[in-house]
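Undergrad: Give the three-dimensional model of this entry:
(2 chains)
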Amino acid sequence: MTDPTSATPEGRSVIHDLGYRPYTGARLGEGSIARALAVTGFRNAFGLGRSGRSKVLPFVLLALNLFPAVIVGGVMVLIGLDELPISYAQYASTTQVILGIFVASQAPVLFSRDLRHGTISLYLARPLRASTYALARWAALLAATLVFLLLPIVLLYAVALLGELDVTEQTREAGVAVALAVLLALVLTGIAGLISSWSTRRGFAVVATIAVLLIGNGIVTAVQGISSEEGRSDVGEVAGLFSPYSLYRGLATAWADVDALTPPTSAGMEALYALVLVGLSAACLGGLVWRYRRVASA
Amino acid sequence: MNATILRLSAQALAGRRRGIVLMLIPGIVVLLAIVVSALTDDGQGYEAVANLGFTLALPIVALLAAAAVLGPEVDDGSIVYLLAKPVSRHSIAISKYAAAWGATIGLGALPLLVSGLVLEPSDPGRAFGWFAAGAVAGTAYSALFLALAALTRHAVVVGLLFALLWEGVLGNVLAGIRWVAIGAWGREVGAEISPLVGGAGTGLGYALIAAMVVTVGSVYFAGDRLRSFTLRGDE
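TA: Numbering: from 1, shown residues only, chains lettered A, B, ... in the order given. Predicted coordinates for the structure are as follows:
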């Protein structure tokens, strides 16, 4: 064995073929990357695949969210009621604080961290466009929010069926609640995602999202309360258009068995409520894609 | 108390987007009061606006302020440079608390007074009652949230759960929560000035002592946490 250091000064340097090979397998395209990113994102939203400490928060919130449904189930079983004490669509309104905190606290996990630590450039070095990255992250948060919203509905539905309530009626009500939950999840995901992609400070993004969701709802509720006292429920109807939770409440009152102040009364207003929900979600998604495009080109 | 740390914390509060959002929340409350008073009779809608400002805006402002004076420095690790200075950790905590407290009173409690005066100029006592309620609750809130910020990275979420879920949602259902809810203590003090605020029924003495214990204990605890501070990476 010759001394390796002796090779260089005398100009006898050699390149050894150690048998390294390039990757020759199939290279997956953008679609597969996006799918993998969405699945990882969904798992990360619940802390799966991350440290034990980051699992605590989402699962505590999920447990808090399911807690009332479990109690309702227990009451149903023990007392044998002939209808659910809380309707499927009402549930999300009752737990809106927990729901808001979940979306607000998990959105920065998906949207802020890559921007703050600059790891976004590593993702974009792959054949992955910035807009696809944004869409994959958005889909991950949407799926997590849907799980959060739909689990209690499924639980209540199972209890209702096991309690031998009328199957057709329960299925119809649960179906309406699922449709409403999808609308609500779309808009919550859009707002939380947009805010946390703009503010990369985690705590700040959480508070800003909560402020938009809950203070917005608080203002609308105050206006609706005053307008119904004053006998001008048309004002409250229009005010309901200005916050995600009040939009949900309005539609839930119109389509399902929920009581709210100044619900939309005409078919046109209902359509407008649904239109604003969908339009707001689309606008937020558009803003998200635009934001990541700008980051990529910067 | 350290004037330099106080000044730096106040700058962190007022700086950039955080400052805008901090100003925006009380601005919205006052704006709502102006709009409501313009469109309705005297005193109409008072309860709704005061409730919004007291149960929602005040804790969120306090949380934002407390998290802003401590959170970013802990997040990016620059707090070690502050902790390496020969300044007592307790005086760091007290200085940071003073900045957060000032912001909470100015942007959380003062809007209650302003919107109260706008909505019902004929009864300033009621507005001052709400202001006193906001001042007492804001003092305790900002101390508690500062302690949380020194304790855990999830301070904001824990604080929101406390203020909105524990005091808000559960407090409406379980009356006994008034004994361990900062908002209820504030109302109790406010009700002493104007009964229209609606006290929670814990007794003035209990409310004041409890708010004081939480404030002093939390600030002391925050200083104590800074004394034995360990930096952790992002999760």
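Undergrad: Tell me, how many residues neighbour residue A:268?
TA: Other residues lying near residue A:268 total 9 when counted by other CB atoms under 10 Å in any protein chain shown. (Glycine included, C-beta is placed from N, CA and C.)
Undergrad: my bad, residue B:51
TA: The number of residues near residue B:51, taken as other CB under 10 Å, comes to 17.
Undergrad: in chain B, which helix or strand is least confident?
TA: Every helix and strand in chain B was compared by mean pLDDT, DSSP states H and E; the lowest is helix B:171-173, with a mean of 84.
Undergrad: Which other helices and strands does the one helix or strand residue A:205 maps to contact?
TA: Element membership for residue A:205 (DSSP states H and E) is helix A:202-210. Applying 3 or more CB pairs under 8 Å, 6 or more residues apart in numbering or on different chains; DSSP states H and E, one finds that helix A:202-210 makes contact with helix A:96-111, helix A:167-198, helix B:16-39, helix B:58-76, helix B:155-160.
Undergrad: so how far is that helix off the chain centroid?
TA: Chain-centre distance of helix A:202-210: 15 Å, with CA atoms, centre = their mean, to the nearest Å.
Undergrad: After it, heading C-terminal, what element do we hit next?
TA: helix A:216-229.
Undergrad: picking that back up, who touches the least confident helix or strand of chain B?
TA: Helix B:171-173 is contacted from outside by B:177-178, B:181, B:183-184, using CB atoms under 8 Å, 6 or more residues apart in numbering or on different chains.
Undergrad: Run through those and flag the ones next to chain A.
TA: Within the set of those, contact with chain A (CB under 8 Å from any CB of the partner chain) is found for no member.
Undergrad: which one of the residues you listed has the most neighbours?
TA: Of the contacts of helix B:171-173, with other CB under 10 Å as the count, residue B:183 tops at 25 neighbours.
Undergrad: From residue B:141, how far off is the spatially closest residue to that one that is not a sequence neighbour?
TA: Excluding the flanking residues, the one nearest residue B:183 by CB to CB, 6 or more residues apart in numbering or on different chains is residue B:167, at 5.0 Å. Using CB to CB, to the nearest Å, we find residue B:167 at a distance of 10 Å from residue B:141.
Undergrad: Likewise for residue A:223?
TA: From residue A:223 over to residue B:141 the distance is 26 Å, taken as CB to CB.
Undergrad: Looking at the two, which one has more neighbours?
TA: Neighbour totals were compared for residue A:223 and residue B:141, and residue B:141 leads with 34 against 28 (other CB under 10 Å).
Undergrad: That one reaches residue B:105, doesn't it?
TA: No. Assessed by CB atoms under 8 Å, residue B:141 is found out of contact with residue B:105, at 10.6 Å.
Undergrad: still on that earlier bit, can the helices and strands packed on helix A:202-210 go into a markdown table with extra columns for mean pLDDT, distance to residue A:74 and mean neighbour count?
TA: Below are these laid out as a markdown table (pLDDT from 0 to 100; distance: least, CB to CB, whole Å; neighbours: other CB atoms under 10 Å in any protein chain shown):
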| stretch | mean pLDDT | distance to residue A:74 | mean neighbour count |
| --- | --- | --- | --- |
| helix A:96-111 | 94 | 19 | 26 |
| helix A:167-198 | 94 | 18 | 21 |
| helix B:16-39 | 86 | 39 | 18 |
| helix B:58-76 | 87 | 32 | 26 |
| helix B:155-160 | 91 | 28 | 25 |
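Undergrad: TSV for those helices, including distance to residue A:298?
TA: Output for those, formatted as TSV (distance: least, CB to CB, whole Å):
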stretch	distance to residue A:298
helix A:96-111	16
helix A:167-198	13
helix B:16-39	18
helix B:58-76	21
helix B:155-160	28
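Undergrad: So for residue A:55, which of these sits nearest?
TA: Residue A:55 lies closest to helix A:96-111 among the helices and strands packed on helix A:202-210, at 11.5 Å (CB to CB).
Undergrad: which secondary structure elements does the helix or strand following that closest one contact?
TA: Per DSSP H and E, the first helix or strand lying C-terminal to helix A:96-111 is helix A:113-116. Here helix A:113-116 touches no other helix or strand, going by 3+ CB pairs under 8 Å, 6+ apart.
Undergrad: Return the distance of helix A:113-116 from the chain's centre.
TA: On the basis of CA atoms, centre = their mean, helix A:113-116 sits 18 Å off its chain's mean C-alpha point.
Undergrad: With only the CA atoms kept, save that helix in CSV.
TA: What follows is helix A:113-116, C-alpha atoms only, in CSV (Å, rounded to 0.1, in the frame of the first residue of the first chain):
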residue,chain,number,x,y,z
ARG,A,113,-41.7,26.6,8.5
ASP,A,114,-40.4,26.0,5.0
LEU,A,115,-40.5,29.7,4.3
ARG,A,116,-38.9,30.7,7.6
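Undergrad: Can you name the residues in contact with it?
TA: A:119-120, A:123, A:197, A:200-201, A:295, B:234.
Undergrad: so where does the closest residue to residue B:3 other than its chain neighbours fall, helix or strand?
TA: Nearest non-adjacent residue to residue B:3, counting by CB to CB, 6+ apart: residue B:95, 7.8 Å away. For residue B:95, the element it lies in under DSSP H and E is helix B:89-104.
Undergrad: send the alpha carbons of the next helix or strand after that helix over as PDB?
TA: Sequence-wise, the next helix or strand downstream of helix B:89-104 (DSSP H and E) is helix B:110-119. Presented in PDB, the C-alpha positions along helix B:110-119 are these (Å, rounded to 0.1, in the frame of the first residue of the first chain):
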ATOM      1  CA  LEU B 110     -58.900  51.900  26.800                       C
ATOM      2  CA  PRO B 111     -61.000  51.000  23.700                       C
ATOM      3  CA  LEU B 112     -63.700  49.800  26.200                       C
ATOM      4  CA  LEU B 113     -63.800  53.200  27.700                       C
ATOM      5  CA  VAL B 114     -63.800  55.000  24.400                       C
ATOM      6  CA  SER B 115     -66.500  52.800  22.800                       C
ATOM      7  CA  GLY B 116     -68.500  53.100  26.000                       C
ATOM      8  CA  LEU B 117     -68.400  56.800  25.900                       C
ATOM      9  CA  VAL B 118     -69.300  56.800  22.300                       C
ATOM     10  CA  LEU B 119     -72.300  54.500  22.700                       C
END
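Undergrad: Just after helix B:110-119, pick out the following helix or strand.
TA: Assigned by DSSP H and E, the successor of helix B:110-119 is helix B:124-151.
Undergrad: quick one: that next one to helix B:110-119, angle?
TA: Going by axes from the mean of the first three to the mean of the last three CA atoms, to 10 degrees, helix B:124-151 is angled at 160 degrees with respect to helix B:110-119.
Undergrad: What is helix B:124-151 packed up against?
TA: Against helix B:124-151 (3+ CB pairs under 8 Å, 6+ apart) you get helix B:58-76, helix B:89-104, helix B:110-119, helix B:155-160, helix B:182-193, helix B:204-227.
Undergrad: Within range of chain B, give me the residues from chain A.
TA: A:50-51, A:53-54, A:57, A:64, A:97-98, A:101, A:104-105, A:113, A:117, A:199, A:201-204, A:206-208, A:210-211, A:214-215, A:218-219, A:221-223, A:225-226, A:229-230.
Undergrad: Filter these down to the buried ones and hand me the PyMOL line.
TA: Buried members of the residues of chain A next to chain B, defined by 16 or more other CB atoms under 10 Å in any protein chain shown, are picked up in PyMOL with:
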select buried, chain A and resi 54+57+64+97+98+101+104+105+113+199+201+202+203+204+206+207+208+210+211+214+215+218+219+221+222+223+225+226
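Undergrad: Pull out the buried positions in stretch A:63-73.
TA: A:64-66, A:68-69, A:72-73.
Undergrad: out of those residues, which one sits closest to chain B?
TA: Closest to chain B out of the buried residues of stretch A:63-73 is residue A:64 (7.4 Å), distances taken as CB to the nearest CB.
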